[in-house]
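A.B. asks: only the shape, not the letters, is given here:
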């Protein structure tokens with residue numbers, strides 16, 4: 001699987017929601033039967049550095065939350 005394929009899957013899994021890493025992992029597995037081989041947190045961090053997702057620490061939710069807005073989705077996949 002290419003990084004481009006994974007970015008598109010992550011965008012679909014996140015939808016318009018802000019999800020914790022755990023929730024994003026569950027959603028990817030539920031929607032696509034896919035479990036990230038190298039720990040989704042690492043992959044999400046790489047996608048964040050590339051501007052393809054956004055993330056921040058949430059004390060209320062106990063970890064990182066991730067989302068993809070129009071700015072992220074406008075990046076080349």
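C.D. replies: Happy to help now that I have it. Note that the structure is predicted; figures quoted are calculated from it, not measured. Numbering: from 1, shown residues only.
A.B. asks: wait, what's in contact with the closest residue to residue 9 other than its chain neighbours?
C.D. replies: Nearest non-adjacent residue to residue 9, counting by CB to CB, 6 or more residues apart in numbering: residue 32, 5.7 Å away. From N, CA and C alone the C-beta is placed, and that goes for glycine too. Residue 32 is in contact with 9, 12-13, counting by CB atoms under 8 Å, 6 or more residues apart in numbering.
A.B. asks: which among those count as buried?
C.D. replies: Neighbour-count burial (16 or more other CB atoms under 10 Å) applied to the contacts of residue 32 gives 9, 13.
A.B. asks: with distance to residue 43, pLDDT and secondary structure added, can I get the contacts of residue 32 in TSV?
C.D. replies: Shown next, in TSV, are the contacts of residue 32 (distance: CB to CB, whole Å; pLDDT from 0 to 100; DSSP: H, G, I helix; E, B strand; the rest coil):
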residue	distance to residue 43	pLDDT	secondary structure
9	10	91	helix
12	15	94	helix
13	12	94	helix
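A.B. asks: what would the contacts of residue 32 look like in JSON lines with distance to residue 28?
C.D. replies: Shown next, in JSON lines, are these (distance: CB to CB, whole Å):
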{"residue": "9", "distance to residue 28": "6"}
{"residue": "12", "distance to residue 28": "9"}
{"residue": "13", "distance to residue 28": "5"}
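A.B. asks: between the contacts of residue 32, which is nearest residue 67?
C.D. replies: Closest approach between those and residue 67, by CB to CB: residue 13, at 11.0 Å.
A.B. asks: and that closest one, how far from residue 59?
C.D. replies: Distance from residue 13 to residue 59, counting by CB to CB, to the nearest Å: 24 Å.
A.B. asks: same question, residue 19
C.D. replies: According to CB to CB, residue 19 stands 16 Å off from residue 59.
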